[in-house]
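>>> prediction below, plus the sequence it came from.
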Amino acid sequence: MFADEWEKRGAMDKGNNGTERGMEEKAEAELKAFFEKMPYDARLILFSGPEPGDPFSQAIRATVRALRKVVPKLIFAEHNLKHELAKQYNIEQSPTLLFDPGSYHVRWLGAPIGEEVRTLVQAVEMMGSKRTNLSKDSLKILGRIDSPRHIKLFVSPTCPYCPQQAVNALKAAFERPDLIFLEIIDIEANPDLANRYSAQSVPQTFANEKLIALGAQPEELFMLSLEKLEQQTIFIPENEAAEVEADVVIIGGGPAGLTAGIYAARSGLKSVVIERGILGGQVATTPMVENYPGLTQVGGKALVDIMVSHALEYINIFPGEEALEIKPGEPIEVLTNRRRFKVKAVVLATGAVYRHLQVPGEARFAGRGISYCSTCDGTLFRRKKVVVAGGGDTAVTDALYLHNIAADVTLVHRGNQLKAQDFLVKSLIQAAIPVQFNTEVKEILGSDQVEAVRLYNSRTAEETVLKVDGVFIAIGYEPASELARKSGIEIGPDGYIKHDGRHRTNIPGIYCAGDVEGGYKQIVIAAGKGSEAALAVFEDLINPYWKRRAAAAS
């Protein structure tokens, strides 16, 4: 608030008429009245070089002189780089401004001038009041940090967005002086340091030498990025309620669940989404998606962020929360590891996960030559050599698809005959795709990406190394249907949830959507199933089919 007043005062300094001078005097009086009540001293120490005419040091002195007119408790001292305190605080660059070094680990390399005067005013206010006014959510995030964070924040005096990020960093450093060390670096005063970090645009924020933010962030996202040590794009406030009432709860935060939430909410239903793992499911870990309508090429995480941001316009999301039990009834109760939900309907969108080979190199090269989805990643391997591991419908279909887009494909199957449908096997033979029977992938080799596979023939007991650019693993899926099974919902022999054409399970009020139902594993199909399930819920809550059936039976 008072940073804005200071900015207005600076603008008024340029005026000449009596009205502007009167407004300036009023603003200065208001600032002074506020800062006179400041309970604590705010200490600044400037370390400058031997050149008395250094423009950056001169600018700091001028700014501090103006600020001290309205801040009686601003304590300022200046020393040169040869002073013993410079050695004590490891000061090597001029100018360097320290913020109450007895209490905090905050320094400014350069001069807080231009746009950054606002930052300095807010820093003085926080030091003098010993209050950061962080939100409850930000305090929770900071409270979870349990190891040091060394922040380097690059700013410039002409950047209107830098003060927001700088104030975020100052709040973190003032709130957690035990673990957070902050350097605010003016790129004009320190071009060599900016070049070393390739900070050619500002603001840029590094923590523990990792880039955690490009640009300015809302406060909570900054704190989350600082905690995770990587840039965060979505912040979901925590909900502390022990019990939540809604119309529908969607269990699963992948494309099906998020879409179901959007469609249910747009139908007028109060909707919530519970996700025990990563929002977006498998999509979030997919390096690149090239077959989602309207987006020629998009990173999986970026697509998830778009979906989550859209969903948050309509619904509440409960991340990191696992549904443990569903109790049918009126209302239906869903118990999680954190709370109880009372709802009229449940949509199970718990998804399915790819089966893994569990061999050395598989985890290491995920997204770097290993794929579980030929239609997602196949175009990256045109005119390259790949193997497909598996012998069922999915494996043969993947091999045919990759062959059709000009990949050099070999199918590897541990059995002595394929399990795929006859027409698929005939197509494989017609395409002259080689098949190695009785053969298993034992290891995936490479340096930075897949370069070869080690194969073992169980019939001959021989090992061979085959040079390849990619490995497509197609040994099936594991539907996440444990909760459904536990709740008395009928499960098919393949492990997927049984349902009718309107996504209804055998228990009234409980529906399913997405990969947990079976069928093609595609983002757009999962999203479509999610919308269908939500619309079915809406229509059934208006006119419950189970009540109609009960009435007809009587």
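All right, it came through fine. The structure displayed is predicted, hence computed values, not measured ones. Residues are numbered from 1 along each chain as shown.
>>> doesn't residue 503 make contact with residue 533?
Yes: assessed by Cβ atoms under 8 Å, residue 533 is found in contact with residue 503 at 4.1 Å. The C-beta positions use only the backbone N, C-alpha and C, and glycine is treated the same way.
>>> so for the helix or strand where residue 64 lies, what gets flagged as buried?
Remark: residue 64 resides in helix 55-68, with elements defined by DSSP states H and E. Applying a neighbour-count criterion of 16 or more other Cβ atoms under 10 Å, the buried positions in helix 55-68 are 56, 57, 59, 60, 61, 63, 64, 66, 67, 68.
>>> tell me, how many residues neighbour the closest residue to the first one other than its chain neighbours?
The shortest distance from residue 56 to any residue that is not its chain neighbour, by Cβ to Cβ, 6 or more residues apart in numbering, is 4.2 Å, and that residue is residue 111. Burial of residue 111, expressed as a neighbour count using other Cβ atoms under 10 Å, amounts to 26.
>>> run through who's touching the helix holding residue 64.
44, 46, 48-49, 74, 76, 78, 94-95, 97, 110-113, 117, 120-121, 124, 186, 189 (Cβ atoms under 8 Å, 6 or more residues apart in numbering).
>>> ok, stretch 272-282 next?
Here stretch 272-282 has contacts from 234, 244, 246, 248-255, 257-258, 261, 284-285, 300-301, 303-304, 307-308, 311, 315-323, 334, 336, 341, 351, 353-354, 372, using Cβ under 8 Å, 6+ apart.
>>> next: stretch 519-527.
254-256, 258-259, 283, 289, 291-293, 303, 349, 351-352, 373, 375, 477, 513-515.
>>> in strands only, show me those residues.
Members of the contacts of stretch 519-527 lying in strands (criterion: DSSP state E): 352, 477.
>>> mark which of the contacts of stretch 519-527 are buried, thanks.
The neighbour-count test (16+ other Cβ under 10 Å) marks 254-256, 258-259, 283, 289, 291-292, 303, 349, 351-352, 373, 375, 477, 513-515 as buried among these.
>>> what is the burial count for the closest residue to residue 73 other than its chain neighbours?
Nearest-residue entry for residue 73: residue 41, 4.8 Å, with adjacent residues in sequence omitted and distances by Cβ to Cβ, 6+ apart. Residue 41 has 13 neighbours, counted by other Cβ under 10 Å.
>>> mind listing what residue 41 touches?
Residue 41 neighbours (Cβ under 8 Å, 6+ apart): 73, 74, 75, 127, 128.
>>> look at the last one and give its secondary structure.
Spelled out, that is residue 128. Following DSSP: H, G, I helix; E, B strand; the rest coil, we place residue 128 in the helix state.
>>> next one: it relative to residue 99, how far apart?
11 Å (Cβ to Cβ, to the nearest Å).
>>> list residues touching both of residue 533 and residue 503?
In terms of Cβ under 8 Å, 6+ apart, residue 533 and residue 503 are both contacted by the residues 347, 511, 512, 513.
>>> how many residues are close by the third one?
Yep, that's residue 512 we're talking about. Neighbour count of residue 512, defined by other Cβ under 10 Å: 28.
>>> before we move on, what about the first one?
Around residue 347 sit 31 other residues, with neighbours defined as other Cβ under 10 Å.
>>> wait, it touches residue 250, no?
Yes: the pair residue 347 and residue 250 qualifies as a contact (Cβ under 8 Å) at a distance of 4.5 Å.
>>> alpha carbons only: can I get stretch 55-70 in PDB?
What follows is stretch 55-70, C-alpha atoms only, in PDB (Å, rounded to 0.1, in the frame of the first residue of the first chain):
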ATOM      1  CA  PRO A  55      26.400   6.100 -10.300                       C
ATOM      2  CA  PHE A  56      24.700   3.100  -8.700                       C
ATOM      3  CA  SER A  57      26.100   3.900  -5.200                       C
ATOM      4  CA  GLN A  58      25.100   7.500  -5.700                       C
ATOM      5  CA  ALA A  59      21.600   6.400  -6.700                       C
ATOM      6  CA  ILE A  60      21.300   4.300  -3.500                       C
ATOM      7  CA  ARG A  61      22.400   7.200  -1.300                       C
ATOM      8  CA  ALA A  62      19.900   9.600  -3.000                       C
ATOM      9  CA  THR A  63      17.000   7.100  -2.600                       C
ATOM     10  CA  VAL A  64      17.900   6.400   1.000                       C
ATOM     11  CA  ARG A  65      18.100  10.100   1.800                       C
ATOM     12  CA  ALA A  66      14.600  10.700   0.400                       C
ATOM     13  CA  LEU A  67      13.300   7.700   2.200                       C
ATOM     14  CA  ARG A  68      14.700   8.700   5.600                       C
ATOM     15  CA  LYS A  69      12.700  11.900   5.400                       C
ATOM     16  CA  VAL A  70       9.500   9.800   6.100                       C
END
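>>> any idea of the mean pLDDT for it?
When pLDDT is averaged over stretch 55-70, the result is 90.
>>> any idea how far that stretch is from the chain center?
Computed by Cα atoms, centre = their mean, to the nearest Å, the separation of stretch 55-70 from the middle of its chain amounts to 40 Å.
>>> which parts of the stretch 451-554 of the chain are strands?
462-467, 470-473, 477-479, 510-512 (DSSP state E, counting those that start in this stretch).
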